[in-house]
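Participant: how would this look folded up:
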Amino acid sequence: MMKKIIAILLLIFSNNCFAQTVNEKFDKLDLSENFDTSSGMWTFLANNENLFLVQDGEYILNRKTTVSPFAVMANYNYEAQAYKMVVSMKIEKSIDESGSIGIIFMAQDDGKGGFLFEINKAGLYRLRQITGGSYKYLTGDSKTGGWIKTNFTNPLNVYNLVEIKTANRKYDISLNNQYLMSFEEIAYKTGKFGVIIGPGSKGKIDFLYLFSSSKFAEAESTTEQGKPQDNPNTQSKENSPDIIALAESIIKLKTQINKLQAENDDLKKTIDAIRSADDESEEQKKNFEKTIKQLEKDNARKDAAYDSLLRVNQGLIKYKDMVAGNENSDLIITLSKNLKSEKEKTQLLNDSIASLKAELQKAKTKPAPKPNGTTHTTPPTPKQNTEFTLPKEN
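Facilitator: Residues are numbered from 1 along each chain as shown. Here you go, the predicted structure:
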């Protein structure tokens, strides 16, 4: 009997250790960066070591040198003490074993504090803290460089969705909608944010959203005299639940589009592989048939998820009535346009996948000869210092 009680207590203790610690309601949209235009928030570089630019709705980070990683801080003064950051990022390729991409958050002005959450080309992740001019590993150890294994990362060249939540100096991190870890650190009240690209690595950021808590925002914006003080960096003084729902829908659609794009690319590679083959065994044909059936099932699930999102968005039609005379009209119009654009991209990708599967079926039954060739808008802010010096690698 005593053993059973001990086992139950250990189970309860274990569950509590791995429970999320941030339970705030983040009901204000402070930033929606979709990299549709150059807002002046991010550094542009073109030299022998780096190529950083905003292009086609993505922030492209190409670290050419293999000597060290490189950090880019956002030109955005964010003072929220409780917030949720949602970022979509991926590694395209790396010529270095240390190839990685990551997010910097709670970075301090003196460059001697902050956190770095990174994923590498092997599908591992790590969390480090900058302290005393060096790195402190919050995951793993010095032997592994802080890297630890997880089943939640996506393969190379596929976007990963990272969510970081903080309140009361507690932090929760999720990866691809899966809870990953929690930790506490009392040293920082607020901090800057940015991105880090590993040596010899090429990666991209698809979007970055910031949500804050009204409860904390009211306390932050109150002066000693008790008068509210506006934060010039927020996109609107008040966010209705509908605006938050719209932003969340855009995030879901963009994430779905990234998955569809990855599937689209895989289909193209499969078709090229079939076309380049001289012979095709019966076993290979069976495998291709299984692949097609699985793709059809996956596509049906994606269509169901897409229809569900459309039903949610139908409830947001009342935006048309809200826009007239509403102080949030600019934000509503921008988010609505983004939502429409993402839905159109999703439909195009679905059509492309259907076309590719038809072509795959045709190529499977009649192989083709070998080919001859190889085959946020974000409000601009005053320019500030975005330099951030990383400590030397341990």
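Participant: report the contact partners of Val22.
Facilitator: Neighbouring residues of Val22 by Cβ atoms under 8 Å, 6 or more residues apart in numbering: Ala82, Lys165, Thr166, Ala167, Asn168, Lys170, Tyr171, Asp172, Ser182. Placement of C-beta: from N, CA and C, glycine included.
Participant: surely the first one is in contact with Phe216?
Facilitator: Yes. Checked against Cβ atoms under 8 Å, the pair Ala82 and Phe216 is within contact range at 4.0 Å.
Participant: looking at the two, which is more packed in?
Facilitator: With neighbours defined as other Cβ atoms under 10 Å, Ala82 and Phe216 compare such that Ala82 has more, 23 against 18.
Participant: what distance do you get for Phe35 to Leu253?
Facilitator: Using Cβ to Cβ, to the nearest Å, one obtains 16 Å as the distance from Phe35 to Leu253.
Participant: swap that for Met73, please
Facilitator: Plainly put, Met73 is 28 Å away from Leu253 if you go by Cβ to Cβ.
Participant: and if you look at Val86?
Facilitator: On the measure of Cβ to Cβ, Val86 and Leu253 end up 13 Å apart.
Participant: please apply the same query to Lys165.
Facilitator: Taking Cβ to Cβ, one finds Lys165 at 21 Å from Leu253.
Participant: list residues touching both of Ala82 and Phe216?
Facilitator: Listed contacts common to Ala82 and Phe216 are Glu24, Ala167; contacts here mean Cβ under 8 Å, 6+ apart.
Participant: one step back: quick one, which of the contacts of Val22 are buried?
Facilitator: Among the contacts of Val22, those scoring as buried are Ala82, Lys165, Thr166, Ala167, Lys170, Tyr171, Asp172, Ser182 (criterion: 16 or more other Cβ atoms under 10 Å).
Participant: most widely separated two among the residues you listed?
Facilitator: Farthest apart among the buried ones among the contacts of Val22 by Cβ to Cβ are Ala82 and Ser182. That separation is 14.8 Å.
Participant: first to last residue in stretch 114-133, what's the distance?
Facilitator: 11 Å (Cα to Cα, to the nearest Å).
Participant: likewise stretch 192-201?
Facilitator: Start-to-end span of stretch 192-201 (Cα to Cα) is 23 Å.
Participant: same check on stretch 171-190?
Facilitator: Across stretch 171-190, the terminal residues are separated by 13 Å (Cα to Cα).
Participant: what does stretch 158-178 give?
Facilitator: Stretch 158-178: ends 16 Å apart by Cα to Cα.
Participant: what about that stretch, average pLDDT?
Facilitator: Across stretch 158-178, pLDDT averages out at 96.
Participant: helix or strand for Phe211, which one?
Facilitator: strand 201-212 (DSSP states H and E).
Participant: all strands for the stretch 101-250 of the chain, in order.
Facilitator: Assigned by DSSP state E, counting those that start in this stretch, the stretch 101-250 of the chain shows strands spanning 113-120, 125-131, 134-137, 160-167, 170-175, 178-184, 192-197, 201-212.
Participant: and those strands as JSON lines, adding distance to Lys149?
Facilitator: What follows is the strands of the stretch 101-250 of the chain, written out as JSON lines (distance: least, Cβ to Cβ, whole Å):
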{"stretch": "strand 113-120", "distance to Lys149": "11"}
{"stretch": "strand 125-131", "distance to Lys149": "8"}
{"stretch": "strand 134-137", "distance to Lys149": "15"}
{"stretch": "strand 160-167", "distance to Lys149": "15"}
{"stretch": "strand 170-175", "distance to Lys149": "12"}
{"stretch": "strand 178-184", "distance to Lys149": "12"}
{"stretch": "strand 192-197", "distance to Lys149": "21"}
{"stretch": "strand 201-212", "distance to Lys149": "20"}
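Participant: what about Lys345, which SS state?
Facilitator: helix (DSSP: H, G, I helix; E, B strand; the rest coil).
Participant: how near is it to Ile353?
Facilitator: Shown here: Lys345 relative to Ile353, a distance of 13 Å by Cβ to Cβ.
Participant: show me which of the two is the more surrounded one.
Facilitator: Neighbour tally, Lys345 and Ile353, criterion other Cβ under 10 Å: the higher count belongs to Ile353, 21 against 17.
Participant: quickly find the element holding that one.
Facilitator: helix 329-365.
Participant: pLDDT on that helix, on average?
Facilitator: On average, helix 329-365 scores 69.
Participant: same check, this time on stretch 79-88
Facilitator: For stretch 79-88, the mean confidence score works out to 94.
Participant: in that stretch, what's buried?
Facilitator: Those would be Ala80, Gln81, Ala82, Tyr83, Lys84, Met85, Val86, Val87, Ser88, for stretch 79-88 by 16+ other Cβ under 10 Å.
Participant: lovely, talk soon.
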